[in-house]
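Novice: I'll drop the sequence and a predicted model, then ask my questions.
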Amino acid sequence: MALPIFGGISGEPVDSVAHIIQVALTPVFMLSGIGTLLNLFNTRLARVSDHIEQANALLIDDNDDVERNKTLERHLVRLHRRTLMLDAAILAGGLGGASSCGAAFVLFLGSVRDSSVATWLVVMFGLALSCTVGALALFLGDSLISWHGLKREGPLPRPMPKAV
């Protein structure tokens, strides 16, 4: 099909160009979703960190309540497990984001060099999907640890009132 604007230069069919645009945008949308997930993971990690500080402050208080100290120590162990899960989720999400960028780069490189980059594209996009699934699985693990701990141990104890 000749484009009249360019004086007889034949262009590609609209369906082919639309398909190229769809394929090129997929990694970009995935990267946006991964960025949102990373923001969620980091926010949750900050909250867990705040809980660790609170538990440590309660544990350091001059408190001779042995049962309360054991409860606080159990909370700290659970919170430490959660930080490990969230750290791993953030790492997997970051690798997924980097792989999405790699897939977009491979698409760009393939269009510029007009070469076959299908293998690299499949590897990069497959790695991005795998890392994203791994990050979500680790986030689910953090959620399960959190929910199980709250059900079993309850929330962090409140600070003891100071004797006057």
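Specialist: It's in.

Novice: low pLDDT regions in the protein?
Specialist: Residue ranges of the chain with pLDDT under 70: 1-21, 24, 62-63, 108-117, 150, 156-164.

Novice: all helices of it, in order?
Specialist: 14-60, 66-113, 118-153 (DSSP state H).

Novice: tell me the angle of the last one relative to helix 66-113?
Specialist: Which is helix 118-153. If you take axes from the mean of the first three to the mean of the last three CA atoms, to 10 degrees, helix 118-153 sits at 170 degrees to helix 66-113.

Novice: And helix 118-153, what's buried?
Specialist: Buried residues in helix 118-153, defined by neighbour count with 16 or more other CB atoms under 10 Å: 120-121, 124-125, 127-128, 131-132, 134-136, 138-139, 141-142, 145-146, 149. (Glycine included, C-beta is placed from N, CA and C.)

Novice: Could you do stretch 27-43 as well?
Specialist: Using 16+ other CB under 10 Å as the burial criterion, the residues of stretch 27-43 that qualify are P27, M30, L31, I34, L37, L38, F41.

Novice: so how far is L25 from the fourth one?
Specialist: Pointing back at I34 there. 15 Å (CB to CB, to the nearest Å).

Novice: and which of the buried residues of stretch 27-43 is nearest D50?
Specialist: F41 (15.2 Å; CB to CB).

Novice: wait, isn't that closest one in contact with L136?
Specialist: No. F41 is not in contact with L136 according to CB atoms under 8 Å; the separation is 10.0 Å.

Novice: list the residues that contact both of the two?
Specialist: Jointly contacting F41 and L136 under the rule CB atoms under 8 Å, 6 or more residues apart in numbering are A89.

Novice: need the buried residues of stretch 27-43 in CSV with distance to L72, can you?
Specialist: What follows is these, written out as CSV (distance: CB to CB, whole Å):
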residue, distance to L72
P27, 45
M30, 41
L31, 41
I34, 36
L37, 31
L38, 30
F41, 25
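
Novice: Looking at these, which one is closest to R82?
Specialist: So of these, ranked by how close each gets to R82 (CB to CB), first place is F41, at 11.1 Å.

Novice: L86 versus the closest one, what's the distance?
Specialist: Distance check for F41 against L86: by CB to CB, it reads 6 Å.

Novice: Quickly list what's touching both of those two.
Specialist: In contact with both F41 and L86: F139, using CB under 8 Å, 6+ apart.
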